[in-house]
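# Structure here, sequence nowhere to be found:
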């Protein structure tokens with residue numbers, strides 16, 4: 001996976017505020033992308049959301065890992081949380097098609113000395129601290145469908161489990177709510193990447209329809225600027241050198 005480039009690594013200029021520095025860096029790097037590329041970035045950013053986020057637990061098949069990232073990008077999900085208790089999350093470039101560079105990837109890795117599901121516990125604690133409802137995508141006696149789950153009760157963190165076993169008991173017991181995809185055939189489950197795509201399409205479509213007049217799903221302006229700057233850093237060759245030459249080191 002391509003290493004995430006963080007625009008705040010290494011530079012702290014003498015601007016009156018970090019926001020001023022951020023906007024100055026955007027203005028500099030904007031000159032090195034085409035108008036078409038720039039407008040595309042702005043258009044995509046306007047549709048991005050952090051109201052719904054995705055956490056994947058111990059996904060080990062590169063095809064599935066990559067397909068989930070493509071679905072997140074396609075439906076406007078900005079943040080992906082990767083839980084690695086037993087398996088390392090790897091992607092297939094031929095499936096992922098570069099989508100990971102546009103997403104904010106958050107990794108939670110279990111160390112050898114940690115309990116078996118320590119990474120899951122850390123991820124759920126971080127999501128809950130950020131104000132998310134923890135929603136396990138697993139059938140349960142109290143489950144609801146993507147069309148039924150309330151959007152008015154606050155941001156949603158969707159937990160998807162590994163290919164065969166599904167979510168761990170730690171994830172299931174920590175969940176606030178449970179989600180299932182209704183099916184009418186003989187099959188009882190869907191591939192994880194298909195489940196993610198179906199769920200995200202329904203939820204993001206509902207967000208844009210139900211919250212059209214008051215888009216609680218939209219990313220705030222300051223966070224959009226930070227995402228935009230990271231995208232520019234990853235799109236412009238020698239971006240750090242350009243910034244150092246134009247604005248100097250902080």
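Thanks, I have the structure now. Everything numeric in this text was worked out from a predicted model, so none of it was measured.
# Give the burial count for residue 79, as a bare number.
Burial of residue 79 is recorded as 21 neighbouring residues (other Cβ atoms under 10 Å). All C-beta spots, glycine's among them, are computed from the backbone N, C-alpha and C.
# Mind listing the residues bridging to it?
Residue 79 has the following beta-bridge partners by DSSP bridges: residue 104.
# Which residue ranges of this protein form helices?
Per DSSP state H, the chain carries helices over the ranges 18-30, 35-46, 62-74, 93-96, 118-129, 169-174, 192-210, 221-235, 239-247.
# Show me the one of the ones you listed that comes nearest residue 55.
Counting by Cβ to Cβ, residue 55 lies closest to helix 118-129 out of those; the figure is 5.6 Å.
# which other residues reach the closest one?
With Cβ atoms under 8 Å, 6 or more residues apart in numbering as the test, helix 118-129 has contacts from 53, 55, 57, 81, 83-85, 106, 108-111, 115, 134, 157, 159, 168, 170-171, 174.
# Likewise for stretch 219-229?
Residues outside stretch 219-229 that contact it (Cβ under 8 Å, 6+ apart): 7, 19, 22-23, 25-26, 29, 41-42, 45, 48-50, 78, 104.
# what do you get for stretch 163-177?
With Cβ under 8 Å, 6+ apart, stretch 163-177 has contacts from 57-61, 64, 85, 117, 120-121, 124, 133-138, 140, 142-144, 149, 159-161, 191-192.
# go again using 6 Å as the cut-off
Residues outside stretch 163-177 that contact it (Cβ atoms under 6 Å, 6 or more residues apart in numbering): 57, 61, 117, 120, 124, 133, 134, 135, 136, 138, 159, 161.
# ok, residue 159 - contacts?
Here residue 159 is in contact with 55, 136, 167, 171 (Cβ under 6 Å, 6+ apart).
# Quick check: the gap between the nearest residue to the first one once chain neighbours are set aside and residue 167.
I take that to be residue 55. Spatial nearest neighbour of residue 55, excluding adjacent residues (Cβ to Cβ, 6 or more residues apart in numbering): residue 81 at 3.9 Å. Going from residue 81 to residue 167 by Cβ to Cβ, to the nearest Å gives 13 Å.
# Residue 212: neighbouring residues, count only.
So residue 212, with other Cβ under 10 Å, has 8 neighbours.
# Likewise for residue 184?
Count around residue 184 with other Cβ under 10 Å applied: 5.
# and the gap between the nearest residue to residue 218 once chain neighbours are set aside and residue 89?
Computed as Cβ to Cβ, 6+ apart, the closest residue to residue 218 that is not its neighbour in sequence is residue 49, at 6.8 Å. Per Cβ to Cβ, residue 49 is found 22 Å from residue 89.
# and if you look at residue 113?
Applying Cβ to Cβ to residue 113 and residue 89 gives a distance of 21 Å.
# Just the buried residues of stretch 216-231, please?
Buried residues in stretch 216-231, defined by neighbour count with 16 or more other Cβ atoms under 10 Å: 217, 218, 219, 224, 225, 226, 227, 228, 229, 230, 231.
# What of stretch 61-76?
For stretch 61-76, by 16+ other Cβ under 10 Å, it's 61-73, 75-76.
# which one of those is nearest residue 246?
Using Cβ to Cβ, those come closest to residue 246 at residue 73, 30.1 Å.
# count of neighbours near residue 201?
14.
# Could you pull up the residues touching it?
Contacts of residue 201 by Cβ under 6 Å, 6+ apart are residue 75.
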